[in-house]
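[1] predicted model, plus sequence, below.
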Amino acid sequence: QVQVVESGGGLVQAGGSLRLSCAASGRIFGIYAMGWYRQGPGEQRELVASITSSGDTNYADSVKGRFTISRDNAKNTVYLQMNSLKPEDTAVYYCKAALIATLTKAPQDYWGKGTLVTVSS
């Protein structure tokens, strides 16, 4: 089985920083890409940033220049460094791993349960 677990959320004042971590574990054959999504109150889930196994990154326009995604392939872990946080960044942040599990041998998306980020004004 495969697990995806996020950590690092919390309460921060506007202008502050937080670093989120996400680790994929279990019977994993290979990981294509990992990414962070967020869902604010009453909003749809949206892509924040993603990174492929080769290091190619993609960011939502709203976080470009403030957030940085990075990855440790040896640890199956992805990080999201969030700087200059704004109240509108408040959301539950979810991690997604696009991977092939050893048992299924088929590509599939695995999601974490999310971590709450609250930015106070």
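    Structure received.
[2] I'd say Val4 and Gly26 touch.
    No: using Cβ atoms under 8 Å, Val4 is not in contact with Gly26; the gap is 9.0 Å. To be clear about C-beta, it is placed using only N, CA and C from the backbone, and glycine gets the same treatment.
[3] ok, the two, which is more surrounded?
    Val4 (22 against 14; other Cβ atoms under 10 Å).
[4] and the helix or strand where that one lies, what's buried?
    Assigned by DSSP states H and E, Val4 belongs to strand 2-7. For strand 2-7, the neighbour count (16 or more other Cβ atoms under 10 Å) marks 2, 4, 6 as buried.
[5] now Ala106: phi and psi?
    Main-chain torsions, Ala106, degrees, to the nearest 10: phi -130, psi 140.
[6] make that Pro87, sorry
    Dihedral angles of Pro87 (phi, psi; degrees, to the nearest 10) stand at phi -50, psi -30.
[7] what sits against it?
    Listed by Cβ atoms under 8 Å, 6 or more residues apart in numbering, the contact set of Pro87 reads 14, 119-121.
[8] per-residue pLDDT of it, please?
    With respect to pLDDT, Pro87 scores 97.
[9] equivalent analysis for the one 10 residues further on, please.
    In the predicted model, Ala97 carries a pLDDT score of 97.
[10] can you tell me the closest non-neighbouring residue to it?
    The spatially closest residue to Ala97, leaving aside those adjacent along the chain, is Ala24, at 4.4 Å (Cβ to Cβ, 6 or more residues apart in numbering).
[11] so which strand or helix has Lys96?
    strand 91-101.
[12] what about the residue sitting furthest away from the middle of the chain, which SS state?
    No residue in the chain sits farther from the centre than Leu103, which is 24.3 Å out by Cα atoms, centre = their mean. For Leu103, the assignment made with DSSP: H, G, I helix; E, B strand; the rest coil gives coil.
[13] ok, the closest residue to it other than its chain neighbours - contacts?
    Leaving out its chain neighbours, the residue that sits closest to Leu103 by Cβ to Cβ, 6+ apart is Arg27, at 5.8 Å. Neighbouring residues of Arg27 by Cβ under 8 Å, 6+ apart: 1-2, 101-103.
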